[in-house]
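Trainee: Only the shape, not the letters, is given here:
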């Protein structure tokens with residue numbers, strides 16, 4: 001699957017932005033998982049659980065000393081905009097119902113995405129050690145909404161220089 005995505009992206013592309021046509025060639029690209037990649041925006045030691053709460057899905061990921069643990073990770077088929085109401089309590093309960101099958105309530109859990117800071121009080125009843133993951137960029141802490149973007153930037157710099 002990763003190979004097919006890379007081949008789709010590589011090559012010449014033409015786009016029009018504000019009426020101006022631009023062409024560019026992508027020679028190299030890498031594919032990384034969105035939710036777990038946010039770990040690299042502010043790496044932590046030990047066992048780390050990450051919740052990336054999006055509009056349509058919730059990615060839940062596990063990292064142990066910098067290594068992705070696939071069996072304790074996955075994607076939930078619901079998110080902020082998949083219900084008729086934006087009930088954060090119900091969303092938190094749904095996340096906990098699924099993740100607590102594999103995770104312990106005492107685990108260190110970090111939340112990223114646009115809703116990270118807002119949903120924390122609701123997740124605390126299920127995960128007392130939950131907190132927002134604030135990415136570090138230019139030696140400053142940044143809003144958790146940018147955790148994936150900053151992580152991808154850091155990964156890109158490490159791969160391509």
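Mentor: That came in fine, so what should we check first? Values in this document were obtained by computation on a predicted structure and should not be read as measured data.
Trainee: counting residues per helix, which one in this protein is longest?
Mentor: Across the chain, the longest stretch assigned as helix under DSSP state H is helix 147-160.
Trainee: hang on, residue 40 packs against residue 157?
Mentor: No: with contact defined as C-beta atoms under 8 Å, residue 40 does not count as touching residue 157 (10.6 Å). The way it works is simple: take the backbone N, C-alpha and C, and place the C-beta from them, glycine included.
Trainee: Neighbour count: those two, which is higher?
Mentor: Comparing residue 40 with residue 157 by other C-beta atoms under 10 Å, the one with more neighbours is residue 40, at 20 against 9.
Trainee: Now residue 100. Nearest residue, chain neighbours left out?
Mentor: residue 126 (6.8 Å; C-beta to C-beta, 6 or more residues apart in numbering).
Trainee: Can you tell me what sits against the lowest-mean-pLDDT helix or strand in the chain?
Mentor: Using mean pLDDT, DSSP states H and E, helix 34-37 stands out as the lowest-scoring helix or strand of the chain, at a mean of 82. Residues outside helix 34-37 that contact it (C-beta atoms under 8 Å, 6 or more residues apart in numbering) are 50-52, 59-63, 68, 73, 75, 112, 148, 151-152, 155.
Trainee: neighbour-wise, which of the residues you listed leads?
Mentor: residue 112 (32 neighbours).
Trainee: looking at the sheet around that one, what are its partners?
Mentor: Here residue 112 shows beta-bridge partners residue 52, assigned using DSSP bridges.
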